[in-house]
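S.K.: Need a 3D model of the following:
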Amino acid sequence: MCGIVGRIGRGHVDLGPALDRIAHRGPDDRGTYAGDGPDGAVDLGFVRLAIIDLSPAGHQPMCNEDGTVWLVFNGEIYNFRELRQELEALGHRFRSSTDSESIIHAYEQYDDGFVHRLRGMFGLAIWDARRGRLLLARDRLGIKPVYYATAGGGLRFCSEMKGILALGASREIDPVSLASYLHLLYVPPPRTIFGAIKSLAPGHLLVWEKGDVRVERYWDIARPPEHRDYPSMVEELRGLLDGIVKQHLTSDVPLGAFLSGGLDSSTLVGLMARHSSGPVRTYCMTFRQDEGLYDEREYAQVVARHFGTVHTEIPVQPDLANDLPAMVRHFDEPFGNPTALLVYLLSKETRKHVTVALSGDGGDEAFLGYPRYQGAALARGYGVLPRVLRQLIAHGIAPIIRESSRGAHGWRRLREFLGSGAKPLPAMYEDWIGYFAMEDLAALLGRDDLHETARVIPDLFARAPGGDFVDRADYVDLKSFLPNNLLRYTDRMSMAHALEVRVPYCDHRLVEFVAGVAAHQKMHWLECKRLFKDAVRPWLPPRILGRKKLGFNPPMGMWLNRELRSMVDEQLDPVRLRRQGYFDPAPIKRMIDAHRAGQRDYSLHIWSLLVFQTWVDLYQ
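M.R.: Okay, the predicted model is just below:
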């Protein structure tokens, strides 16, 4: 796990300032390469977090035998040993035991098709001096980031936007991205909050050649879901999970796991214990007594005892005045999911013990674990009711349902379901996963040119390969919420502390397998994760199999009324908001008042505004 940076254009540049900005991603080594092509000078830079082959042979930038192909690579390739054997049989010669070198030879052998040979997480750049071309690639699910900017026929790229800003990119805000951030709590690719910087989307390649840039998709979930023989499917899934987790344990440094006591993390720990020679190290966050609805330590302790792990509990003790700016600096743009704060604190403490940790990210998307999938299943039947009745319920009953800001989300989910019940199914789903609705954004931003933001989720529904509404909603999550929200905060918050986090449930072989299974087999009636439970049942304690899903979230509603109250009053002061000119203060004040009165849970709306204001202080 590392950080990469580079550029191609007129004359060479000093990459030192950009490397300094991303030094947290790779404290073990750094390197640069400068070369010249027929259409420009190329500079590559790299900071290393040593995980596999800790010797100097793993130094990057790395090249082939004759120095005509150069690589900078962030991530892990889990099948690099098999790939190496394949390439050696074809005549390639290796000088190290790294996974990085297998990428170089795979590119030489398979050209741009090399990406189809890679199993893992990666953000990489290859300079092919023979052809005068620079190639960027991002892994299929979007586990690792790649950002880029084009100007004057040149190209700049980096693992984080701060490196591109250090190379001189403009900081001007993209208004479309601001609207999308407030709607979804993140900016979806290819946009970023900066108009001059783009994000390479998951499963995409970028090729720079003769001053022209071409971006193309190389992977998607194309197979429509289908009904399969259930017992054989369970056995196949069991074997696939076991093999993938075993492959994710390849490491030359200490390794552990995040453990919440939920199905996903407990399964990982069980499989790690099966394939590890010693006790697995596990790490769990705990909350104070009055935040008990968020605390999972009891279940994590059950799993830790069952598998004999070396278990560490980490109390949540946020220093929000300092943690919030630190979090924003590592994202480089506004990011509104407050779970990022927990991962920041968890990673900080975990890194004191291990260099690599496995996480259960992706399990809920792969196996239908979120309550919204239950809502999607119910929506099909609810749509049978006359539309006039659903409209009466949406406008007459839903608005008067009060919500809790203390962690009980049932009433909020009921209000969202009923309030959107008269809409088409995709629009209904967008209401559940969105925050500021289009009409709210128009009032807040003082403009109504929001069509690009309004198209993000509908366009993904249109791309879904088939299946019923639950299948298509799951596809949308795999292409949006997972890479742009969960995996984004996992990368930034862990790499802030030079901790490599691996996510076995995002192995593309597993995702492709499960995406090919019809939703009604993954979720029996309204029981989420039924297929997954049946596959892992032999491995887990019964108490874990039967527990209620909690979710890894901070008590943000309580923090906003308590620890963050003065910060909210200062950052969202109407006088300040008017002076800045980004937002109309009136709807924000109404929102804060309703939240503090307990009328509506506006936790994430207020938090997203607080994050934006902090970002403005740091970046504008």
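
S.K.: So which bits of stretch 455-468 are buried?
M.R.: Buried residues in stretch 455-468, defined by neighbour count with 16 or more other Cβ atoms under 10 Å: 456, 457, 460, 461, 464, 467. Where you see a C-beta, it was placed from the backbone N, CA and C, and this is true even at glycine.

S.K.: For the fourth one, give its distance to residue 474.
M.R.: I take that to be residue 461. 11 Å (Cβ to Cβ, to the nearest Å).

S.K.: Over to the first one?
M.R.: Using Cβ to Cβ, one obtains 17 Å as the distance from residue 456 to residue 474.

S.K.: Could you list the low-pLDDT ranges of the protein?
M.R.: Scanning the chain for pLDDT under 70 picks out 1, 289-294, 404-408.

S.K.: Residue 532: neighbouring residues, count only.
M.R.: 25 (other Cβ atoms under 10 Å).

S.K.: Quick check: which element contains it?
M.R.: Element membership of residue 532, judged by DSSP states H and E, is helix 530-536.

S.K.: Can you give the contact residues for that helix?
M.R.: 233-234, 237-238, 241, 263, 267, 270, 363, 366-367, 369, 514, 517, 521-524, 545 (Cβ atoms under 8 Å, 6 or more residues apart in numbering).

S.K.: Just the ones of those in helices?
M.R.: 233-234, 237-238, 241, 263, 267, 270, 363, 366-367, 514, 521-522, 545 (DSSP state H).

S.K.: and the two most separated of these?
M.R.: Farthest pair in the ones in helices among the contacts of helix 530-536 (Cβ to Cβ) is 270 and 521. Separation: 23.1 Å.

S.K.: between those two, who's got more neighbours?
M.R.: residue 270 (23 against 19).

S.K.: and residue 589, how many neighbours?
M.R.: Neighbour count for residue 589, taken as other Cβ under 10 Å: 14.

S.K.: Which residues are in contact with it?
M.R.: Here residue 589 is in contact with residue 574 (Cβ under 8 Å, 6+ apart).

S.K.: three-state assignment of it?
M.R.: Put simply, residue 589 is helix when judged by DSSP: H, G, I helix; E, B strand; the rest coil.

S.K.: Please point out which parts of stretch 111-120 sit buried.
M.R.: 114, 115, 117, 118, 119, 120.

S.K.: Among those residues, which one lies nearest to residue 508?
M.R.: In terms of Cβ to Cβ, no member of those lies closer to residue 508 than residue 119, at 7.1 Å.

S.K.: Nearest spatial neighbour of that closest one, chain-adjacent residues omitted?
M.R.: residue 79 (4.2 Å; Cβ to Cβ, 6 or more residues apart in numbering).

S.K.: Residue 267 now?
M.R.: residue 536 (4.7 Å).

S.K.: Distance-wise, check that neighbour relative to residue 530.
M.R.: Taking Cβ to Cβ, one finds residue 536 at 11 Å from residue 530.

S.K.: circling back to that earlier point, burial check on the residue nearest to residue 267, number of neighbours?
M.R.: 24.

S.K.: Buried residues in the host helix or strand of residue 106, which are they?
M.R.: Counting by DSSP H and E, the element that carries residue 106 is helix 100-110. Using 16+ other Cβ under 10 Å as the test for burial, helix 100-110 gives 100, 101, 102, 103, 104, 105, 106, 107, 108, 109.

S.K.: Is the closest residue to the second one other than its chain neighbours in a helix, a strand, or coil?
M.R.: Once flanking residues are discounted, residue 101 sits nearest to residue 94: 5.5 Å by Cβ to Cβ, 6+ apart. The three-state label given to residue 94 by three-state DSSP is coil.

S.K.: Do me a favour and get the backbone dihedrals for residue 94.
M.R.: phi -110, psi 150 (degrees, to the nearest 10).

S.K.: which residues does it contact?
M.R.: When contacts are counted by Cβ under 8 Å, 6+ apart, residue 94 is found next to 84, 87, 88, 101, 102, 105.

S.K.: how deep is the first one tucked in, by neighbour count?
M.R.: Spelled out, that is residue 84. 20.

S.K.: Just checking the distance from stretch 493-512 to the centre of its chain.
M.R.: 9 Å (Cα atoms, centre = their mean, to the nearest Å).

S.K.: could I get that stretch in PDB with only the CA atoms?
M.R.: C-alpha atoms of stretch 493-512 as PDB (Å, rounded to 0.1, in the frame of the first residue of the first chain):
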ATOM      1  CA  MET A 493      -8.900   7.200   7.000                       C
ATOM      2  CA  SER A 494      -6.700   4.200   7.200                       C
ATOM      3  CA  MET A 495      -3.900   5.500   5.000                       C
ATOM      4  CA  ALA A 496      -3.900   8.700   7.100                       C
ATOM      5  CA  HIS A 497      -2.100   6.400   9.600                       C
ATOM      6  CA  ALA A 498      -0.200   4.200   7.100                       C
ATOM      7  CA  LEU A 499      -2.500   1.300   7.800                       C
ATOM      8  CA  GLU A 500      -3.400  -1.000   4.900                       C
ATOM      9  CA  VAL A 501      -7.000  -2.200   5.000                       C
ATOM     10  CA  ARG A 502      -8.000  -5.100   2.900                       C
ATOM     11  CA  VAL A 503     -11.600  -5.800   1.900                       C
ATOM     12  CA  PRO A 504     -12.100  -9.500   0.900                       C
ATOM     13  CA  TYR A 505     -15.900  -9.000   0.200                       C
ATOM     14  CA  CYS A 506     -14.800  -6.600  -2.600                       C
ATOM     15  CA  ASP A 507     -12.900  -9.400  -4.400                       C
ATOM     16  CA  HIS A 508     -14.400  -9.100  -7.900                       C
ATOM     17  CA  ARG A 509     -14.800 -12.900  -8.200                       C
ATOM     18  CA  LEU A 510     -17.100 -12.900  -5.200                       C
ATOM     19  CA  VAL A 511     -19.000  -9.800  -6.400                       C
ATOM     20  CA  GLU A 512     -19.500 -11.400  -9.800                       C
END
